[in-house]
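Trainee: Please work out how this folds:
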Amino acid sequence: ILVGAICCRLEPNNKLYIMTIGVLAPYRGAGIGTSMLEAVLKQAEEDPNVEQVYLHVQVNNDDALKFYQNFGFENVERIENYYQRIEPAACFLLRK
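Mentor: Numbers count the residues shown, from 1 in each chain. Model prediction:
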């Protein structure tokens, strides 16, 4: 059974965008998300084409903000009306 996934894309500007990361609720806290993110960050660090890693987090997702900050991501911008189908629609841009 698949309990977690991470999806990224390498953009033409040498930035790696983490599009989504998720772990099924019963499996959270077991280190699965941490392992996935560590693997992506390790590959990004080893790839000379990756200069930056970034992602968006909904402004009310405190758990995700803490999670990414523990990996050295910095909150660099608040973007209003980023999401079209969820509330709140604002997000934070995090980068490392």
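Trainee: Packing partners of the longest strand seen in the chain?
Mentor: Once the chain is assigned using DSSP state E, the strand that runs over the most residues is strand 15-23. If you count contacts as 3 or more CB pairs under 8 Å, 6 or more residues apart in numbering; DSSP states H and E, strand 15-23 packs onto strand 4-10, helix 32-46, strand 52-58. Every residue, glycine included, has its C-beta placed from N, CA and C.
Trainee: any idea which of the ones you listed is most buried?
Mentor: For those, average neighbour numbers computed from mean count of other CB atoms under 10 Å are highest in strand 52-58, which has a mean of 18.
Trainee: Show me what that strand pairs with in its sheet, parallel or antiparallel.
Mentor: Strand partners for strand 52-58, identified by DSSP bridges, are recorded as strand 15-23 (parallel), strand 91-95 (antiparallel).
Trainee: picking that back up, relative to helix 32-46, how tilted is the longest strand of the chain?
Mentor: Using axes from the mean of the first three to the mean of the last three CA atoms, to 10 degrees, the inter-axis angle of strand 15-23 relative to helix 32-46 is 170 degrees.
Trainee: Of all the strands paired with strand 52-58, which one is nearest residue 54?
Mentor: Between residue 54 and the strands paired with strand 52-58, the shortest gap by CB to CB is with strand 91-95, which sits at 4.0 Å.
Trainee: can you list contacts of that closest one?
Mentor: Among residues not part of strand 91-95, those counted as contacts by CB atoms under 8 Å, 6 or more residues apart in numbering are 52-59, 65, 68-69, 73-79, 82-83.
Trainee: do stretch 62-77 as well
Mentor: Outside stretch 62-77, the residues that reach it (CB under 8 Å, 6+ apart) are 33, 37-38, 41, 53, 55, 57-58, 92-96.
Trainee: rewinding a little: tell me which of the helices and strands packed on strand 15-23 sits nearest to residue 23.
Mentor: Of all these, strand 4-10 sits nearest to residue 23, with 4.0 Å by CB to CB.
Trainee: Check the secondary structure at residue 65 for me.
Mentor: helix (DSSP: H, G, I helix; E, B strand; the rest coil).
Trainee: What average pLDDT does stretch 78-94 get?
Mentor: Mean pLDDT, computed over stretch 78-94, is 95.
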